[in-house]
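*Asks:* one predicted model, sequence on top.
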Amino acid sequence: MRIFLNFVRRDGTTATFLSILFLLSANGFGQKPSTAPPEVKLPADLDKYPGLLPEFGNFAEKLQHSIQFPTPRSQSRLLPLLPESTVFYAAFPNYGDAVQQALLAFQLERQQSSVLRDWWEHSSMATSGPQIENSIEKFYEFSQYLGDEIVVSATLGKGGPPGVVIFAEIKKPGLKIFLEQTTQQFANGKGPSARVLDQRELATAKDTPKQEPVVLVRPDFVIGATDVATLRSFSAHLDRKTSAFAATAFGRRIAEAYAAGTTIVAAADLQTIVGQVPIPSEQSQAFQRTGFADMKYLVWSHTGVAGRAASESELSFTGPRHGVASWLESPRELAGLDLFRPTQLSQPASRSKILRRFLTMFGNWPRLQIQLRSR
């Protein structure tokens, strides 16, 4: 039994999102994180520079036509390389070129717009702006060393935390030196935020009390992990050159998500995960009665191309649904979230309402309700 949902976004929502995100990140750059619930209010710069939001609306429309996003992928070279014990998988395209295109487009727009230029040169952006641009440039440089896909995967530990890794193919030499220089540059006088190793150094490496991330740069792959043991185990698995995961039921289900062409894929083997979580007898019986103990896989895929984005999520079960799980919605397609269109950002009557809607949705994401569809 499978339960799935899908929704489609049109009218360049991705470009609008990038524009608003840039504005919000600019206003919050360098601020300390807060544990308080998000307060929905407009950035102060919008009062000081009243023409700023319409300018970002115009910029969002231009992004739709000037940026080439990664094309959907119909298969993955990295998927078969995972261990058979993998229970979580997420794959993203290499967005380096798209991010660089967006930065260049913004710099050009800034030269042509007196409003953007005034905001950039006389607000807090006068100091934080160059830092943001430098970070984006570094991200782009890093992306040029990588292949077209980045994968995050996890295996369940034996009584300990899960082993999480992120890895990608390497397409040119020099990555280790680049990472060492970059982590040192952003250390701000402190120790590097991550250790960068080669295969010789990994053989004798040990975890440190700080438990900082560890990155292994091989000739063929770059791998990041939270601890040395996980990194060493994953690297050894790659050396065995096995593709057994592709033949597992979970591996085949993920490959199926690629078949029609996808941009982002995420999947979890809920059956295995739930089966290894220790639950007291009473709670276990109650959980069985809900019907969610029969969950099998959760798979989400997203495809965005030519100003149109579509997502589909699927929750599958090992058998007929019962209990609370049987209450899931009957087939229904969401015709779109329709949060806003880029042109609305340039309309004074609607731009404040649009931004507040955007902030409210992302500030209260767990409350977002999505209908499900059965098949």
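*Replies:* Everything's here; your move.
*Asks:* going forward, measure contacts between C-alpha atoms and count neighbours the same way
*Replies:* Noted.
*Asks:* residue 164 belongs to a strand, doesn't it?
*Replies:* Yes - with DSSP: H, G, I helix; E, B strand; the rest coil as the criterion, residue 164 is part of a strand.
*Asks:* tally of neighbours for it?
*Replies:* For residue 164, the neighbour count with other CA atoms under 10 Å is 21.
*Asks:* residue 257 now?
*Replies:* Residues lying near residue 257 (other CA under 10 Å) number 21.
*Asks:* please name the nearest non-neighbouring residue to it.
*Replies:* Closest residue to residue 257 apart from its sequence neighbours, by CA to CA, 6 or more residues apart in numbering: residue 301 at 6.8 Å.
*Asks:* what's the answer for residue 214, then?
*Replies:* Counting by CA to CA, 6+ apart, residue 195 is the residue found nearest to residue 214 once chain neighbours are left out, at 4.9 Å.
*Asks:* how about the residue nearest to residue 257, secondary structure?
*Replies:* strand.
*Asks:* so how far is residue 265 from it?
*Replies:* According to CA to CA, to the nearest Å, residue 301 stands 4 Å off from residue 265.
*Asks:* what do the two both touch?
*Replies:* residue 257 (CA atoms under 8 Å, 6 or more residues apart in numbering).
*Asks:* which parts of the stretch 51-200 of the chain are helices?
*Replies:* For the stretch 51-200 of the chain, applying DSSP state H, counting those that start in this stretch gives helices covering 52-66, 96-112, 114-122, 125-143, 175-185, 199-204.
*Asks:* tell me which of those helices sits nearest to residue 274.
*Replies:* helix 199-204 (33.0 Å; CA to CA).
*Asks:* the closest one packs against which elements?
*Replies:* Applying 3 or more CA pairs under 8 Å, 6 or more residues apart in numbering; DSSP states H and E, one finds that helix 199-204 contacts strand 214-217, helix 228-239.
*Asks:* so which of the ones you listed is the most surrounded?
*Replies:* Ranked by mean neighbour count, those are led by strand 214-217 with a mean of 23 (mean count of other CA atoms under 10 Å).
*Asks:* quick one: contacts for the residue most central in space within the chain?
*Replies:* Centroid-nearest residue in the chain, with CA atoms, centre = their mean: residue 92, separated by 7.0 Å. Counting by CA under 8 Å, 6+ apart, residue 92 makes contact with 149-151, 263-265.
*Asks:* the residue nearest to residue 214: how many residues sit nearby?
*Replies:* Neighbours around residue 195, by other CA under 10 Å: 18.
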